[in-house]
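**Q** Sequence and predicted model, in that order:
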Amino acid sequence: MKKRNAFTLIELLAVIVILAVILVIAIPRILDVIETSKKDSFKNSAQLIADSAEKKKVSDKLLGKDEEITCKDVAKINDEDYASCKITFDSEGNAKVSILGRGKFKGLKVIEATKTSAEVIKLEAPKYGITAVEYINGLYEYYGDSYNLKIDNTKDQNVRYYGSDPNNYVSFNNELWRIIGVFNDNVKLVRKDSLGNLSWDSSKENINRGWGVNQWGESTYEDGSSYEGADLQVYLNKMYYGGDTTITCFNSLNNTETICPKDSNDKFLTIDETSKVLIDNHTWNIGAVESSKKTDTLEFYKRERGTNVKTCTSGSICNDNVIRTTIWTGYVALPYVTDWAYASSESICETNMQAQDDSNNYICKNNNWINNRSTWTWYLTPSIGSVGADRAWDILYNGSFGDTSTRFNNSVYPSIYLKNNVIIESGTGTSDNPYMLKTS
């Protein structure tokens, strides 16, 4: 009888089937073990950071320090694995840590973990029908840099669109606007196209030589009488938003009048009633920034939201007697200078807004979706002003910017914050298929 020294085809198939069954059973379990291990590691990191943060806070208190404590102050945070990490403290000094993963921790998130407890959340791609804040944050958290979204390096860790042309278009007021980013509980938009050229502010000949006043919002004069605010603020909120066609527009010193912006049908540009419902009556920071801080992005950001005001006190270019304020509540304003800086994909712009290359070209204009203007453009931020009381900040298309007399005739791109209940119901964010909005 012949000796058998090989498997039959049926036997081989049987072995393959058995192995396949084993793999079908084993692979999910192996993947589960890997996933559980990954979650445990992520959870432990959050709790260790919270514990270290509390110890540092106690140490700082003993040393008389009162500085913000960041994750990188207390742990070795690898940017390849952590998209963001933020520490807050409650009234009793307990640290709460929120972390968003990337790399090997992509798709994982922890919210307000303490040193004793943490819950790891498995993220899913955002779906239509949720608020604009949730949708954009969801895009960043799930897809990361592929959507040209980033968390900025400010203490507020705002989520912003950056790059030459990200998919941040939205249909608003029957025209295209663009999403700057998410700021706390609101999404901020800016109109894609300019309304036209106007003065930020102008004044009568005997007030600051007719050069204007750098106070954006309503205030009072020293005698207690009412100051209505900058001419551009009045136009944007009382005419463009409010529909008051009796408002006067200006485009030079000494209150030189001009025709307020109109459409192709010779009608004054306004925001329609459907869109007005979406706009938040927002509290804007209007702190002034001195010229010496123009290169430092983080300091500029801090001062935009600070309490600095004009410093000149006498002379014909500083005789307006308007009491400056540093917050203003209203519907329509302008972008901040730092909104422009963070729209660039050049990483240096997060620390130096006026960085230059070897040919003395300004870097932050590169790969910057906001930098599509061919003329000087007004921004919201007033200037403390080393010369007079009349200055605000503007930017040129080549990336240079400075504090300029408010009387000048610059491009105006209005900006608004959406209410926090506005939802995204459709669209992909491209110019051909912009996001569509509605209230919840």
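**A** Sure, I can see it.
**Q** ok, residue 107 - how many residues close by?
**A** The number of residues packed near residue 107 is 17, by other CB atoms under 10 Å. Using the backbone N, CA and C atoms, a C-beta is placed for each residue, glycine as well.
**Q** Quick check: chain neighbours aside, which residue is closest to it?
**A** When the adjacent residues along the chain are set aside, residue 107 lies closest to residue 123, with 4.9 Å between them (CB to CB, 6 or more residues apart in numbering).
**Q** Look up how far residue 103 lies from the one you found.
**A** 14 Å (CB to CB, to the nearest Å).
**Q** likewise residue 129?
**A** From residue 129 to residue 103 the distance is 30 Å (CB to CB).
**Q** Residue 155 too?
**A** 24 Å.
**Q** packing partners for the lowest-mean-pLDDT helix or strand in the chain?
**A** Here the helix or strand of the chain ranked lowest by mean pLDDT, DSSP states H and E is helix 9-62, holding a mean of 81. Contacts defined by 3 or more CB pairs under 8 Å, 6 or more residues apart in numbering; DSSP states H and E place helix 9-62 against helix 71-74, strand 82-89, strand 95-101, strand 108-113, strand 120-122.
**Q** where are the low-confidence patches of this protein?
**A** 1-7, 26-27, 29-34, 386 (pLDDT under 70).
**Q** again, only this time at 80
**A** 1-15, 17-36, 144-145, 311-314, 372-374, 385-388 (pLDDT under 80).
**Q** buried stuff in stretch 47-67?
**A** Neighbour counts using 16 or more other CB atoms under 10 Å place 47, 48, 49, 50, 51, 52, 53, 54, 56, 57 of stretch 47-67 among the buried residues.
**Q** Leaving out sequence neighbours, find the closest residue to residue 154.
**A** residue 301 (5.3 Å).
**Q** Please name the residues that touch the one you found.
**A** Counting by CB atoms under 8 Å, 6 or more residues apart in numbering, residue 301 touches 154, 336, 338.
**Q** What's the first helix or strand after the host helix or strand of the last one?
**A** For residue 338, the element it lies in under DSSP states H and E is helix 337-342. Once the chain leaves helix 337-342, the next helix or strand it forms, by DSSP H and E, is strand 377-382.
**Q** Output that following strand as CSV - backbone C-alpha positions only.
**A** Extracted C-alpha coordinates of strand 377-382, given in CSV (Å, rounded to 0.1, in the frame of the first residue of the first chain):
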residue,chain,number,x,y,z
THR,A,377,-8.8,97.1,4.3
TRP,A,378,-10.2,98.3,7.6
TYR,A,379,-10.2,96.0,10.7
LEU,A,380,-12.0,96.5,14.0
THR,A,381,-9.1,97.2,16.2
PRO,A,382,-8.5,100.9,17.3
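**Q** Which other helices and strands does it contact?
**A** helix 337-342, strand 391-395, strand 409-412.
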